[in-house]
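Colleague: no letters, just coordinates:
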């Protein structure tokens, strides 16, 4: 009897396939079957090899095959400010170095080149989707599309003029125009991005909330990042930043709260009750000495938390593997408890929980039949990755970004054997080398 094979666009084979399902299972010697941009099957190779004929095959034999990583908080086009001002408190870093540099350099050409560098770094680090807040976001959207990356983008809203808009009203109008432009895009989502309570007046925050409800848009904001922010809020409003935002009816399950380092028990309860999602940025928080977020308490309360790199100006990389390791280690040592924030929890933060933070979990974040095929493979045939007893442990404690070998987004091969397709990598590197402060 002749076997009948079903044709498909792409087959990915791997030593360990991690679907990131409820059981966090591991499929040994597995295959993922992709057609028309979506996953149509996955399972053991010995079974699926008899059923499918792929137009293209990636045989990542000694590799982990898993969902692409999701970066839930960054400012991509700040990459050209990498290393500009280190070892400084956030207020001095921001007001005396970053804002003056932005005033001097930010224009569409700068954003394009810096965003290209950021997208190249993220892609080669296994990041397939990022959540961004910055200026000239239409340009970052164009760059992300060129690379084939998924992006959630919000033009930063501030009370004062920004490099791209003269007023908060202009920024909001621009955001709504971008939303209309990209509302049918498979790769780009547009959201509202009020920078923080210390740069946005209450009336602006109320307007943002109204529009988020009207257009069903997410809101991305820095909340309770530093002790000073909380102290200033207590003096000005007699409330914590979270209590103040809640008094404006601002908080909901549409809000992505970046950092959220300084939270009281009541703040945690408000987050839990309102369904607020959090982007935890351990590397940036450590580097700026902002503090240690109450991640174990958030997890215990069922608050959805993803991981973010923040910008290359405050991290100083866009490498989520570094943040994964830092996340696990930081919370163990700060609580003197090695059982806290285990490897599986951290892997969920950069995959399915990251997708939940961005309200994209019905389509990405795990390898499931019917979901978009956003997949990376990690080459295990390396000295620092042998022997392997638990792939989840390796992802958090051993793997680095250079181990990512192949990247597939929306079913398209974007990077194959570390070569990014249809992108002039040498040109991007050359441009970055030329930039001087």
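Modeller: Looks like it arrived, so ask away. All figures in this text were calculated on a predicted structure; none of them were measured in a lab. Numbers count the residues shown, from 1 in each chain.

Colleague: what ranges do the strands span in the stretch 1-150 of the chain?
Modeller: 6-17, 27-35, 38-44, 52-67, 69-74, 127-134, 150-157 (DSSP state E, counting those that start in this stretch).

Colleague: who wins for proximity to residue 166 among the ones you listed?
Modeller: strand 150-157 (12.5 Å; CB to CB). (Each C-beta comes from the backbone N, C-alpha and C, glycine too.)

Colleague: how about that closest one: buried residues?
Modeller: Neighbour counts over strand 150-157 (16 or more other CB atoms under 10 Å) mark 150-157 as buried.

Colleague: residue 25 reaches residue 19, doesn't it?
Modeller: Yes. Using CB atoms under 8 Å, residue 25 makes contact with residue 19 at a distance of 6.3 Å.

Colleague: more neighbours: the two, which one.
Modeller: Set residue 25 next to residue 19 and count neighbours by other CB atoms under 10 Å: residue 19 wins out with 25 against 10.

Colleague: so who does the closest residue to the more buried one other than its chain neighbours touch?
Modeller: Spatial nearest neighbour of residue 19, chain neighbours left out: residue 367 (4.2 Å); criterion: CB to CB, 6 or more residues apart in numbering. Counting by CB atoms under 8 Å, 6 or more residues apart in numbering, residue 367 touches 17-20, 32, 39, 42, 65-67, 375.

Colleague: try residue 90
Modeller: Contacts of residue 90 by CB under 8 Å, 6+ apart are 225-226, 228, 288, 290.

Colleague: what do you get if the cut-off is 7 Å, keeping everything else the same?
Modeller: 225-226, 288, 290 (CB atoms under 7 Å, 6 or more residues apart in numbering).

Colleague: what about it, distance to residue 235?
Modeller: 18 Å (CB to CB, to the nearest Å).

Colleague: who does the helix or strand containing residue 257 touch, helix- and strand-wise?
Modeller: For residue 257, the element it lies in under DSSP states H and E is strand 255-259. The contact analysis (3 or more CB pairs under 7 Å, 6 or more residues apart in numbering; DSSP states H and E) places strand 255-259 against strand 219-223, strand 277-280.

Colleague: next helix or strand past that strand?
Modeller: Assigned by DSSP H and E, the successor of strand 255-259 is helix 265-274.

Colleague: list of residues touching that following helix?
Modeller: With CB under 7 Å, 6+ apart as the criterion, helix 265-274 contacts 224, 240, 242-243, 246, 251-253, 294, 297-298, 301-303.

Colleague: kindly recompute the last result at 6 Å.
Modeller: 240, 242, 246, 251-252, 297, 301, 303 (CB atoms under 6 Å, 6 or more residues apart in numbering).

Colleague: could I get the residues you listed as TSV with secondary structure, pLDDT and distance to residue 169?
Modeller: Formatted as TSV, those follow (DSSP: H, G, I helix; E, B strand; the rest coil; pLDDT from 0 to 100; distance: CB to CB, whole Å):
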residue	secondary structure	pLDDT	distance to residue 169
240	coil	98	28
242	helix	98	26
246	helix	98	25
251	coil	98	23
252	coil	98	23
297	helix	98	38
301	helix	98	37
303	coil	98	33
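
Colleague: can you say which of the residues you listed are buried?
Modeller: 240, 242, 246, 251-252, 303.

Colleague: ok so, going back, pairing partners for the strand holding residue 257, with directions?
Modeller: The strands beside strand 255-259 in its sheet (DSSP bridges) come out as strand 219-223 (parallel), strand 277-280 (parallel).

Colleague: okay, the angle between that strand and strand 150-157?
Modeller: With axes from the mean of the first three to the mean of the last three CA atoms, to 10 degrees as the basis, strand 255-259 and strand 150-157 are set at 80 degrees to each other.

Colleague: can I assume residue 328 is in contact with residue 397?
Modeller: No. Here residue 328 does not reach residue 397: they are 7.3 Å apart, not a contact under CB atoms under 6 Å.

Colleague: please identify which of those two sits among more neighbours.
Modeller: residue 328 (24 against 15).

Colleague: so the more buried one, which state does it fall into?
Modeller: helix (DSSP: H, G, I helix; E, B strand; the rest coil).

Colleague: for the closest residue to residue 403 other than its chain neighbours, list the residues it contacts.
Modeller: Nearest non-adjacent residue to residue 403, counting by CB to CB, 6+ apart: residue 378, 5.0 Å away. Going by CB under 6 Å, 6+ apart, residue 378 touches 63-64, 399, 403-404.

Colleague: related to what we said a few turns ago, could the contacts of helix 265-274 go into JSON lines alongside distance to residue 264?
Modeller: JSON lines is the format used below for these (distance: CB to CB, whole Å):
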{"residue": "240", "distance to residue 264": "6"}
{"residue": "242", "distance to residue 264": "8"}
{"residue": "246", "distance to residue 264": "12"}
{"residue": "251", "distance to residue 264": "15"}
{"residue": "252", "distance to residue 264": "20"}
{"residue": "297", "distance to residue 264": "11"}
{"residue": "301", "distance to residue 264": "13"}
{"residue": "303", "distance to residue 264": "14"}
